[in-house]
Each structure stands twice: as structure tokens, then as C-alpha cells.
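**Q** Sharing a model prediction with you, sequence too.
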Amino acid sequence: MLLSLKWLREFVPFEGTAEELGAKLTMSGLEMEGLERPFAGLKSLVVGLVATCARHPESDHLSVCRVDVGGEILNIVCGAPNVAAGQKVAVVRAGGVLPDGTPIRAARLRGAPSQGMICSEAELGLSAEHEGILVLDPSSRVGASLPDALDLDDEVLNIAVTPNRGDCLSVLGLAREVSALYGLPLTPPETRLTEEGDPAAMALALEVADGNLCPLYQGRIIENAVNGGSPARLRYRLRAVGLRAVSCLVDVTNYILMELGQPLHAFDLDRLEGGRVSVRGADPGEILVTLDGQERSLLPSDITIRDSFRALGLGGVMGGRNSEITGESRRVFLECAIFQPSAIRRTARRLAMNSDAAYRFERGVDQTGAGYALDRAAAMIAELSGGRVRPGVLRVEHRPWKAPCITLRKRKAEVLLGIPLEDAFCAETLARLGCGVETPAPANSGGEPVGIWKDVFPFDGPEVVEEGSVWKVFPPGYRPDLVREADLTEELARVYGVDRIEPAVPAIVRSLPRAGLPESGYRFRSRVKHWAKGLGLNETINYSFTSHKELDVFDPAGGGRIGILNPLSDEHNVLRTLLAPGLLAALRANLAQGAAGLRLFEVAAVFSADPSSPTTAREEQRLGLLLHGSRFDSGWPQVQQDADFQDLAGILEHLLRAFSLPPADLRPADPSVYPWLSPAVDIFVQNSPLGFLGRVRPGTAAAYHARKPVWLAECNLDSLQALHRAVRPAFRPLPVFPPIRRDVTLICPPGFSGSRILEAIRDLGGFLLAEVRLIDCFEPQDRGDRHLTYRLTFRHPSRTLKDAEADQQRDAIVAALTGALPVRL
Amino acid sequence: MDLTAALENLVPALETGLAEVSSLARLEDIQVAFLGRKGALARLMSRLPELPAAERPAFGRAANAVKERLAALLEDARLRLGREQEAADLARFDPSLPGRLPWQGSLHPITLVMEEISDVFQAMGFEIASGPEVETDFHNFEALNFPPDHPARDMQDTLFVAEGVVLRTHTSPIQVRAMLERKGPPVAIIAPGKVYRRDSDLTHTPMFHQIEGLLVDSRVTLAELRGVLTMFVRQLFGRDIAVRFRPSFFPFTEPSVEADISCILCAGTGRAQNSPCRVCKGTGWLEILGAGMVHPNVFSAVGFNPETCSGFAFGLGVERVAMLKYGIGDLRMFFENDLRFLAQFS
């Protein structure tokens, strides 16, 4: 809401500065977002008197003027056809600047010296008018600054109005607020309306189908209007608050909208047929061309204003082309109505029409102020257009506004705010805000129960069991947001000053049933993040959405996705079903910056459709890992090698150990499930699937500009947490007797599962085998068989083992292995 | 040669040998040659039976003395060589050469700030809560007193995934879930998480992070909200930070306030380096969170009796805090994942 300080002062005698006012409003809930000076560019211009004006001897369209700018006479060459001696004009001196930044310099025009410029409205940025210079009112003082001479609205406060305060979307509304905050009287201009001719009711009948949708519909008829331009003052004022002047009829409706917050609409009465205006829902399939030239398909739920044959406009949103006011309009039906906020909002939303009228109706317009607005607008139109207002207001008010009755218990407000409140302050504040306030019979003589509040009052001391004052409050029509006690408490706090409330520290009570709950998912994920950081991975945060197109690479079948119905763009039209796209996008961004090695991780949810979920979605928390390029980001003495499968598998094993879990079982995955990975591996822990890992296929990786191998893993953190939670950490006594170690090298075909050999050794080892570990893996140059060296550790639990026993046990294991598996010594 | 003379000769012979030795390996060889099982001393001792029985004890004593002397010489040489070796190693040593650096990990600044804030509130007794990111209209709007077709919904441009199902536009639905789950006071939760809005420009990203706080008990006051928030911002930004309350509007709180903190750059003066402070734009205050007393309609929606309990709720933008805390000027950096950015938070 743009509020001109001068305009405000017509409604309330506020004498402070704009900055003071802004600060006060900000601290009362109407934040000043900025202070604008729309005519700052005119500061250096002055009023000049054209003393003499003569033809330029060398030109047939230039004039040479002597202009008195107050104590100084300037020679100015002017090209405007309308310049004449005796005019008061707007002058910029040589060395000055026009509002658009054009510098004005002393010059010679065809031999005549010119020490400045006489300006048109267009040059002043006041309108598009550039045919001739602006001629000022003869009473303007020569030498005065132009903004003063024009009495321009030079200070405009940009106030952020919250959705509950529709009443503050007008000069009047803000003036009420200022009046209440400063204790100043409200002085709205008086309206003197002269009615003439036959009663309006003879020209038009009104009909409203549904009083819920349109509680009040009223209007006046103005005859013999001449719809010319508006006077400068009105045009400049509209310009100051960001509106464009059109014609006097339209300008008045805009002026009243800004001033009183009441949207109005002017119909060209000659274009209405049938002598009847009705308000009802649109016909099915009806089409209306609105003022902005758009064809709108209407629904029966849209409120239309109609004559006997057709829709003339969308009530409360925008008028129609077919009844629009034009330069030729002489007879006007001026509508001033109240519409149901939610109906207006539905229509405006559906049709994406954000008109000033809809904006205000959605937030509630004061039904009790509509009569004043209508009369003021009609009077202004009559004055500016020379029209005559026909006697009488056409009016259908199915539902007159009725103030709700709210019970306000002072004690409850005090306890909620944590401050003591004086009775006088409460009553006075509410009255200043326009509420009717009644004190009912004392509450302790059988009035309303005050419940628990009576014994928790912290201010008077515990002895005084006093329920405090109770009022019946009737809010004014312009405050539809005040409907319950809490709303009034807020008003008291606002006027008291929320910033005056002293801080207090609560004693936070925890409930016993919440004690000993398992670790929260948040905390578990936090531990995973810290593990990853400690291991040297860099955390990324990627958007939860991606595009269907991108997901198709990872999941061509495309089932179970959750699309976004109203995406900002096609880049973000579906929720991610896996973390890979985000990690790969982060990879691409970093490769573009020349990164050589990347070790990224992300902990976040992935989403899939789940018809059994109330939210339609299943959310799974995941850990994503990505390795690419150099294994270490430092140079010497680290070996420069690229990360490979063993790096990723090792990280995974480290994760499992960090959460007290046994090593993973890594199995080759079904390639059709991971068409973008090769190799692809399923991760199982204790036979539960935990996720996958693998190398991104070069073709897919290339799309992310990766030329080196990209290794990626995703791990279900919900499952990991469940597995982790099931682990009961317990101490194992340390072995007492010494171990004996034996190394065995086995030769097996390439690609034969190492974990099968390991498992077989464990199975065969019996109770003497304490540990087995692969200590070397060697592949000869010819890339034939693979040589695997295992170190077996034997130990007897209750005595010292003998060398011969260990040898015997080893030999037995080897013999059985070579018999059962395709391995040899 | 006389055995005793031969024995006596061993000492000068070793001295000559040790004078030339320059490595520990060579010293080992010499030690073996003199004191080894088949060394010079052992060979002489093996000839003991050649001596008359009466001379044997004296020879034995002499041999032991020589052996001790040899061992002492060898030990001296070993120490000398060790010192020489150490000096030579030290001469080659360059402590300025880099170490073998392990991987350097980092946490995202959003994570750092979320955890820091959560920790502060947990220490005050708040419990971590969470909820789904895909939310029902009921939890995200209706229960929070956003009626359908109400302009309050314009405050948050919503992304929809189905009729009545949205990507949560704030962390406030977690309030609703926490209260429904606990069925009555007390409730003291802090809920960090991702939120989504249909908005993308220089100062808005379609996904960002919020932290929600809620305290409900039999008698929670607005003054206590101010106390808790003051405590929080001081722990986050320092002891001198002041909190300012301005009235505001949120459908789910009443009264609603906007909390500002005194500017962390200009200490609330509005001026830094003789010009208006660029962080607070000269106002001395920074908007940091929205808060208020839980609206009675919210209590009713979750089955709490607004007559017997009261509470406050607040929500703050994590990115905003991270930007202030680390002096990050561009919101979009948080989601570009540039390692040069991320690595600064290790």
C-alpha cells in the first residue's frame, strides 16, 4: 500500500515526519518497507514567469523568451507552440537535470543563447503529454520550487499490509490507525452532493440473487457527464501512488479506491439494456471479454453483474468491455458493492486476475463505509465531469452488517501476554480502535466462568483471587478481522507495544512418557553426516525436485513418481526418487570449476508414490555418496590415483562398522534395475537390502561432463537406523592365549566370488579359526587366474595352541576348499 | 703366538678397525668378527685347553676383561655412529615438506546452522521433532487456521502434488503433528527441515530450510517467548544482541510478532564505516523470525483446550541465519554445491 503523507494529512492532523510515521507504523504491525519520493527529480525545477516571448529570428517554430525565475531573468529558447508571455511555467535552469536524467546545458540555438528549458508534462515525468509546455496556475509564486507550487505528494510510504488488515489498504484506514496510535482526531473530508432530475430508480432496477455472495449492491446514476481528462492535481496524486490517469470517470473510481478502500465500477449506462442490473452467477459456458481485453470463460460460481441480456462484468474483480466507460460516455451507472471475500478470491485466482478491486474484496471491504464512498465518488464525478447526480441511491442490501459481540477477559489477556493491563487502558484502546465496549455485570456475580485463569494470575499476588474485568466488545465494520477474544488481545498488545513486554524465561517441563524414546531420525542422520565429514566427504544439499526427463535416465519405467502439479519449470516437475541426479549435477557444477577429485555426500529424503499414505507419498531418508577422479586432493606425498570400487566399498564398510554392524554382503545386481550403472551391486546387511552402489555408465556420466569413472552409492538410512537400533553393544572378553598365523595363497579363476572363498574358509575353520583376512590379491600380467592370499589366525580358547595343530587345521581347510570350489594351491 | 699376547692384541686391533668404520652395518660385521660365536675372541678361548691348568684361571680372567673392553669399544662406536647417522638424517630432514593429508570433509553450512540452533534449544529442554515433506492440506494449512480461499494462503506460494496434498510450505505442520501425537501439554519441540515454495529469484529458492519451535504448557506467555528468543539469539550471535518485537500477522498465532535482532555488523547503530550499514540497510535491526502465541483455532484443531493451555510458536529461516552468521551474500550459493564454497565449512 502506497500512502502519500499529504493525502493522509487530509484525514488526520499528523504533523510529524514521514520517517517518524513509518517507524511508528512499523512498530504497530504495519511495516514501512520503504519511503519513496516520486517527484524527487523535480526538486531543482522552479516556477518561471514568461515575461516576454518573441519569434526566433532564424526559425519559424522557436520562440525566444525572457523568463523571470525569481530575482533572475533567463533567456530561454522554447520550441513549444503554446508558450506565451504572461504564463507561469516550469523551468529547469542550465546545469540542472530533468527527472529522466537528461542534463540541461547552456546552449545557443540558431544563434540565440538559451539558459534553460521550459518543460512539458512529459519532460517532467508527470504524464505522457508532450504537445506543449505545462502552463501552471496563475497563482503560482515565481521562483518557488515546482513540487511546492504543484503541491505534489512528494513523500509516499510503502506500507506492507498483512492479509488480516484489509482495512489498511486505504488512506482512510491508515488514517484511523494513525488516529488511534497518536490519539489524534479523524477528519475525513465532508461530501456535499447535489442531486438533480428524476429519481435514479426510474432508470434502473437492481436485483441480487444471493445475499451471501453480495451482501450489499448499490449505485448512483450520473447524467450529462463529460468524460474528459482529470485536473492536474488528481492526476499527479494518482501518479504518486503508482496509478495511471485515464479519464476523469475512471480516475475518480481509482481515487476513491485508494482513499477509502472501496472498489467502485462505472458502467456506461447507455450500453446497458433492459433497465435492470442483476447480480448472480455466470451461465454455464458463458464468455466475457474483460477490460484488459482478455476472453474469460466463466463458471456459475463466478459472480457476474448483468443487464437483462448478458454479463457486463465480473463482480468485484473486473468490468467487461461491453459496458466500459469511454470518452463518449455521458450517462454513468456508478456501482459500489460488497462481495463475499472467498468467492472473489476463487474467481481471481482461477483466472489469474490480480486487480486492485479483487485484492481488497478478498481481504474484506467495510460495508458500513460503502455509502460514504459512493456519495463522495458521485460528488467528485459531478464536479469534475459537469454531470448531474440523479436523486436516490439504488440499493439492495440483503445482509446488513452486524457487529459480532466478543467477550474479552482482561485476566486471560494478561496471562497470555505476561504483562499487567490497566482497565482504563483496555477500554480506551478498544474505543479508539472504533469498537463499542460494554461492561457487563461483574463477572464474579455469576458471570462467565474464567476457568483456570483465575488462580494463575501472577501479578497481584496469590491471595487475590480476582477474575478481573470482563467486557463485551463490538468491533467496527472496517475490522472484520476482529472476531474472537485472541484478536482483541492482539490489539491490546499492539497498542501497548509488543516491544515493551519484558522477557521472561520459562521453566520447560518435560513429560515422563517422552523419556527414553529411541534416538530420533534427525539425530541419527546427524550422526551419519558427522561420520561422513570425519571421513573426508563434502556435504551437498540438492533440490528435492528434478525433471521427469532426467529421472528417465535412471528409471526408464517411470512408475511411482510424484509429479508436481504446478511446477515453476520443467526442470523441477517431479520429486526425486533417488539422490543420484542431484549428486551428479553437483559433480557437473564442480567439474566446470576445474575440480580434479570429488567425494560428495548428501543426506536427504527421496519420494515415491504410496496410495496407502495419507500424504500419497513414501519418504525414505537416504545417504548418497559420489566419488570421482583423484583419490586424494593433495599432491605429493599422496599417490595420484583415481578413486575406484575399493574406495567406495571401503567407505561403505567403514559406515557399517561406525554403526556397529557387520560387513555388507555385496551382490551383483539385476542390470535392468540399474540401467545407468555398470557394474551395479546390491548392498545387503544381515540379509536386509540397504541400497546399491556401482559405477555410473560412461554414457550417463558424460551427460554430467565426467570423463573419469564416477562411483556412486545410495543407502537407506531408515533401514540402517533400524539395523543399528537392534544392535545391543556388549563387551567381549579379550583372548588369553596366543594366536598362531598361517598364510595360504589360493589360485582361482578371474571374477570368482572372493566372499564365497572367505565364507567357505570360515565355515571350515571350526572353533580354532579366530580370524581370516585377505592380505593380498595378485593378478599376473597375462590376466589369467587370480592369486588370493589369506591370513588365517588360529587360537584355542582355553590353552596354548601347538604349531602342528595349526598346520593340521590349515591343511584340512585347504584340502576341503580345493575339493569344493574351483580353487587350487 | 703366545695366547695371552694374542688376547691383548685384540683390543688395539678392534680400535684400528673401529677407527675406519662409518656405518652401523659394517659395525655389525666387526662385532661378529671379534665377539661372534666364531669370532676372534671365541677362537682364542677355544684354545684354552692348550694352557697349563694353573694358568687357565688367570687367562680366563684376562679374557673376560678383554671381552668387556671390546664390548665397551663396540658400544662407544655404535653410539658414535648412531649420533652421526642422526645428524646426517637431521641434515636431510625438511619439516616444511607437506604431510600425507587424509581427506578433508565438510558439513554444509545449512547443516551447521541447523545443528547449532537445534543444540541451543535442546539444551533449553526442547525436543527434536520432524514430519514429512509432502504434507496434507490439513496439516500444512487447515489445522494452522488458514481457511480455504483465504488470502493468508497468498503469503506462501504453494507447490501441489495432488488435490489437497502439498510440499510443505513451512515447518509449522510439524507443530500440528507433534501436538496430535502428544494429545496434550506439555509440548516443547524444535523442528528443523526443508520447506518448499513456488518462488525462484535472487532472494528466493524453491526449496529452503526452516526451524520451527513450539512450547505449550498450562501458562506460557508472550514475555516468555521473548525470553526464549533472546536467550537463543545471544547464544548464536553473542551476548550483546538485543531482540525487538514488532506486531505482525500469521494465521496460526495471535498475537503474532516479527522478531528483529540488533544488527550483528553495526551493533544496532545503523552505521558502519561512516555510511549506512549495508547488512541492516541503516535500520540497526535485522528481521530474523516470525513468532506468536498459538492461535486458539490451532489448539482446537489438534484437540487441545485453548482455555486451559497456552503456548508460543516461532519459525525462522535457516538460510537467513547462515547468511548473517557467515556473511554469505548470495542465497543461491547454498544449492550450487561448489566445493570451493563447501570446503570453507570444514
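**A** Done, it's in.

**Q** who touches residue A:26 in this structure?
**A** A:32, B:246 (C-beta atoms under 8 Å, 6 or more residues apart in numbering or on different chains). The C-beta positions use only the backbone N, C-alpha and C, and glycine is treated the same way.

**Q** Likewise for the one 3 residues further on?
**A** Under the criterion of C-beta under 8 Å, 6+ apart, the contact partners of residue A:29 comprise A:162, A:165, A:494, B:246, B:247, B:248, B:249.

**Q** What of residue B:73?
**A** Counting by C-beta under 8 Å, 6+ apart, residue B:73 has contacts B:11, B:14, B:15, B:18.

**Q** same thing but at 10 Å, please
**A** B:10, B:11, B:14, B:15, B:17, B:18, B:30, B:31, B:34 (C-beta atoms under 10 Å, 6 or more residues apart in numbering or on different chains).

**Q** Same question for the helix or strand harbouring it: list its buried residues.
**A** Assigned by DSSP states H and E, residue B:73 belongs to helix B:56-92. Residues of helix B:56-92 classed as buried by neighbour count (16 or more other C-beta atoms under 10 Å in any protein chain shown): B:59, B:63, B:66, B:67, B:70, B:73, B:74, B:77, B:78, B:81.

**Q** Stretch A:255-271 now?
**A** Here stretch A:255-271 shows A:255-269, A:271 as buried, counting by 16+ other C-beta under 10 Å.

**Q** List just the nearest of the buried residues of helix B:56-92 to chain A.
**A** residue B:81 (28.4 Å; C-beta to the nearest C-beta).

**Q** what about the nearest residue to that closest one once chain neighbours are set aside, distance to residue B:85?
**A** Among residues not flanking residue B:81 along the chain, residue B:24 sits closest, at 5.3 Å (C-beta to C-beta, 6 or more residues apart in numbering or on different chains). The span separating residue B:24 from residue B:85 equals 7 Å under the rule C-beta to C-beta, to the nearest Å.

**Q** Same check on residue A:603?
**A** The gap separating residue A:603 from residue B:85 is 52 Å, by C-beta to C-beta.

**Q** What's the first helix or strand after the helix holding residue B:73?
**A** Downstream of helix B:56-92 (by DSSP H and E), the next one is helix B:109-124.

**Q** For chain A, what is the nearest residue in chain B?
**A** Counting by C-beta to the nearest C-beta, chain B gets nearest chain A through residue B:103, at 2.1 Å.

**Q** Touching, that residue and residue A:538? I think so.
**A** Yes. Under the criterion of C-beta atoms under 10 Å, residue B:103 makes contact with residue A:538 at 9.0 Å.

**Q** who has more neighbours, the two?
**A** residue A:538 (28 against 17; other C-beta atoms under 10 Å in any protein chain shown).

**Q** Across the sheet, point out what pairs with that one.
**A** Counting by DSSP bridges, residue A:538 forms beta bridges with residue A:600, residue B:106.

**Q** which residues of the chain score low on pLDDT?
**A** Unless you meant another one, I'm taking chain A. A:440-467 (pLDDT under 70).

**Q** oops, chain B please
**A** Those would be B:1, B:155, if you go by pLDDT under 70 across chain B.

**Q** so what's the most far-flung residue of it relative to its centre up against?
**A** Within chain B, residue B:52 marks the point farthest from the mean C-alpha position, 81.9 Å out by C-alpha atoms, centre = their mean. Applying C-beta under 10 Å, 6+ apart to residue B:52 gives the contacts residue B:59.

**Q** all strands of the stretch 451-600 of chain A, in order?
**A** A:470-474, A:538-539, A:545-546, A:574-575, A:597-609 (DSSP state E, counting those that start in this stretch).

**Q** what does chain B give?
**A** Shown for chain B, the strands assigned by DSSP state E span residues B:127-128, B:134-136, B:160-162, B:165-167, B:187-196, B:207-217, B:243-250, B:253-262, B:271-272, B:275-276, B:285-294, B:310-317.

**Q** Kindly reformat those as CSV containing mean neighbour count and distance to chain A.
**A** Formatted as CSV, the strands of chain B follow (neighbours: other C-beta atoms under 10 Å in any protein chain shown; distance: least, C-beta to the nearest C-beta, whole Å):
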stretch, mean neighbour count, distance to chain A
strand B:127-128, 18, 5
strand B:134-136, 25, 4
strand B:160-162, 18, 4
strand B:165-167, 24, 5
strand B:187-196, 25, 5
strand B:207-217, 23, 5
strand B:243-250, 23, 3
strand B:253-262, 26, 4
strand B:271-272, 15, 16
strand B:275-276, 11, 13
strand B:285-294, 24, 6
strand B:310-317, 25, 6
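
**Q** now those strands in a markdown table, with distance to residue A:782?
**A** Output for the strands of chain B, formatted as a markdown table (distance: least, C-beta to C-beta, whole Å):
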| stretch | distance to residue A:782 |
| --- | --- |
| strand B:127-128 | 59 |
| strand B:134-136 | 56 |
| strand B:160-162 | 57 |
| strand B:165-167 | 58 |
| strand B:187-196 | 54 |
| strand B:207-217 | 54 |
| strand B:243-250 | 74 |
| strand B:253-262 | 71 |
| strand B:271-272 | 72 |
| strand B:275-276 | 75 |
| strand B:285-294 | 68 |
| strand B:310-317 | 63 |
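
**Q** Can you tell me which of those is nearest to residue A:13?
**A** strand B:243-250 (24.4 Å; C-beta to C-beta).

**Q** list the helices and strands the closest one packs on?
**A** When contacts are defined as 3 or more C-beta pairs under 10 Å, 6 or more residues apart in numbering or on different chains; DSSP states H and E, strand B:243-250 sits against strand A:31-36, helix A:485-496, helix B:222-237, strand B:253-262, strand B:285-294, strand B:310-317.

**Q** quick check, distance from the third one to the centre of its chain.
**A** When distances are taken as C-alpha atoms, centre = their mean, to the nearest Å, helix B:222-237 is centred 25 Å away from the chain's centroid.

**Q** Contact partners for the residue of chain A found nearest chain B?
**A** Closest approach of chain A to chain B (C-beta to the nearest C-beta) occurs at residue A:536, with a separation of 2.1 Å. If you count contacts by C-beta under 10 Å, 6+ apart, residue A:536 has them with A:599, A:632, A:633, A:651, B:101, B:102, B:103, B:104, B:105, B:106, B:346.
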